[in-house]
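Student: sharing a model prediction with you, sequence too.
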Amino acid sequence: QKPPASEGASFLQRDLQGGSSNSGKKFNKDFWKDRTCHNCNKKGHPKWACPKNDKDDASDEASVAASVASSVASAKEIKKLKKELKSLKDATSKKFTSQKRRLSKVGTQLTQIQEENASSDISSS
């Protein structure tokens, strides 16, 4: 026994009158010649086949490409800055070590002078 013709027919999609975003899909030009696109407000095509969508896709791709290029440039700049920071850190560390040695020598000399003064004070009394 066959189901009535109305069952299941309400969800039938027609290629000629539109549907979801199928920009590569063909549409009936005669059917759409007097109808207006809801995307660009021009006559002759449905919204899902609007040529403006292709242009938007191209600008989106250009935007993504620019974003990727910017990210790559930022990554290179970060790498460069890390290298500079390491170089400065190494130079600062070397200067600090050098100053520490000098200060240690001055401390040793000061201790020797104090000991000499203490000895001379004892011997002169």
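Tutor: Everything's here; your move. Numbering: from 1, shown residues only.
Student: pLDDT at the closest residue in space to Lys43 that isn't next to it in sequence, what is it?
Tutor: Beyond its immediate neighbours in the sequence, the residue positioned closest to Lys43 (C-beta to C-beta, 6 or more residues apart in numbering) is Thr36, lying 5.4 Å away. All C-beta atoms are positioned from the backbone trio N, CA, C, and that covers glycine. At Thr36 the predicted local distance difference test score is 90.
Student: same check, this time on Pro3
Tutor: Reported pLDDT for Pro3: 57.
Student: compute the number of surrounding residues for the residue nearest to Lys43.
Tutor: As a burial measure, Thr36 scores 14 neighbours (other C-beta atoms under 10 Å).
Student: backbone torsions only: list them for it.
Tutor: The phi/psi pair for Thr36 (degrees, to the nearest 10) reads phi -100, psi 140.
Student: you'd agree it is up against His45?
Tutor: No: checked against C-beta atoms under 8 Å, the pair Thr36 and His45 is beyond contact range at 9.4 Å.
Student: what sits against the most centrally placed residue in the chain?
Tutor: The residue lying closest to the centre of the chain (C-alpha atoms, centre = their mean) is Ser71, at 4.7 Å. By C-beta atoms under 8 Å, 6 or more residues apart in numbering, Ser71 lies in contact with nothing.
Student: tell me how far it lies from Glu61.
Tutor: For Ser71, the distance to Glu61 (C-beta to C-beta, to the nearest Å) stands at 16 Å.
Student: follow-up on the earlier one: local confidence estimate at the residue nearest to the centre of the chain?
Tutor: 88.
Student: what helix or strand does it sit in?
Tutor: Under the criterion of DSSP states H and E, Ser71 resides in helix 51-124.
Student: how far is that helix from where the chain is centred?
Tutor: The chain centroid and the centroid of helix 51-124 are separated by 25 Å, computed with C-alpha atoms, centre = their mean, to the nearest Å.
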